[in-house]
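>>> Whatever this is, show me its structure:
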Amino acid sequence: MKLIYCFFAFAFLVKAKDVPEEMVQYYLKLLEEYATNFTIWEHPTDNRNFFQLINEEAEAKTGRFKVLVLEAGGRENDFTDVPGFAPYVVRSDYNWGYKAIPQKRCCLGFKNKQCNYIRGRGVGGSTVVNYMMYVRGNKEDFDKWGSKNPGWDYESVLHYFKKYQNASLRLEDAIYHGHNGSLSVEDVRLYPEAVKLFRKAAKQRGRDILDYNGEDQYGYSTIQAMTKKGTRCSANKAFVEPTMGRKNLELLDHALVTRILIENKIFVMARNIMQQHRKKSLFQVVR
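Residues are numbered from 1 along each chain as shown. Below is the predicted model of the structure:
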């Protein structure tokens, strides 16, 4: 079992070219002497045990572990909850602001031919900044992946799609949806008049109006959204917030890890934890 000692370090503890090695060792020794004054977190010894921590069936068995989650961004608020604000959320600090490399066949209208590449920076990741559309993908793609990597075929992953889902849809291919999970999926509540006209035109042309996450994906459909009673249902709301009452779990936001040290294939230290209103921090793992 490993222990994570969390404590605040001086800025010059980060080893730099202009810092004498003797000074670094001196302050490291001081920190080691006072390590018992700081909070201790524990974590499992292998990845299999770690993933059991998020399995509700194993909660009783894993209660002996204390887990610290580090998140570079902040938490959700009323601004991120409103679906109509999505175009503005992607322009906020909740988005890392990445750009694609210059393109030759797309993004030609963008500066330097680089499209924006939206990635979430906050508790809930990209589900805090996306447009909430619930689209699983095509069965054939999963089956192709499964042919090379057993367990990724559609029938195998469908079990998990249904397990985490709580669907409330007007048009639903029932055997492909779950109703007891944490992730709320529902119909978009308000549509412009143009959508109604498109649906009417599709019916007149003999096109099927269907559940695009069901058996058949050739037809027309309105959007299934990851919302709950009209507000965003992110991965944070579905899976993280329900667990935050556990005594063995703590989440630290605005904690950007800039360096991870590995020794003998074992995670040893995460350095340069930059937090709001705080100086640099140091998280250390020892046997």
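>>> So which residues of the stretch 51-200 of the chain form strands?
67-70, 98-99, 116-117, 165-168, 183-187 (DSSP state E, counting those that start in this stretch).
>>> May I have the strands that pair with the first one, each with its orientation?
This means strand 67-70. Partners of strand 67-70 in the sheet, by DSSP bridges, are strand 249-252 (parallel).
>>> Tabulate the strands of the stretch 51-200 of the chain (CSV), appending mean neighbour count, mean pLDDT and distance to residue 211.
For glycine as for every other residue, the C-beta is placed from the backbone atoms N, C-alpha and C. Below are the strands of the stretch 51-200 of the chain laid out as CSV (neighbours: other C-beta atoms under 10 Å; pLDDT from 0 to 100; distance: least, C-beta to C-beta, whole Å):
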stretch, mean neighbour count, mean pLDDT, distance to residue 211
strand 67-70, 17, 82, 35
strand 98-99, 12, 95, 33
strand 116-117, 13, 93, 30
strand 165-168, 19, 96, 10
strand 183-187, 20, 96, 11
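>>> could those strands go into a markdown table alongside distance to residue 198?
Shown next, in a markdown table, are the strands of the stretch 51-200 of the chain (distance: least, C-beta to C-beta, whole Å):
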| stretch | distance to residue 198 |
| --- | --- |
| strand 67-70 | 43 |
| strand 98-99 | 33 |
| strand 116-117 | 28 |
| strand 165-168 | 23 |
| strand 183-187 | 15 |
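>>> pull the helix or strand with minimum mean pLDDT from this structure.
Lowest on mean pLDDT, DSSP states H and E among the helices and strands of the chain sits strand 2-8, with a mean of 33.
>>> picking up where we left off before, would you tell me which of the strands of the stretch 51-200 of the chain gets closest to residue 83?
Ranking the strands of the stretch 51-200 of the chain by proximity to residue 83 (C-beta to C-beta) places strand 183-187 first, at 11.2 Å.
>>> what lines up beside that closest one in the sheet?
When DSSP bridges is applied, strand 183-187 pairs with strand 165-168 (parallel), strand 224-225 (antiparallel).
>>> Mind putting those into a markdown table with distance to residue 202?
Shown next, in a markdown table, are those (distance: least, C-beta to C-beta, whole Å):
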| stretch | distance to residue 202 |
| --- | --- |
| strand 165-168 | 23 |
| strand 224-225 | 17 |
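>>> nearest to residue 78, of these?
Of the strands paired with strand 183-187, nearest to residue 78 by C-beta to C-beta is strand 224-225, at 18.2 Å.
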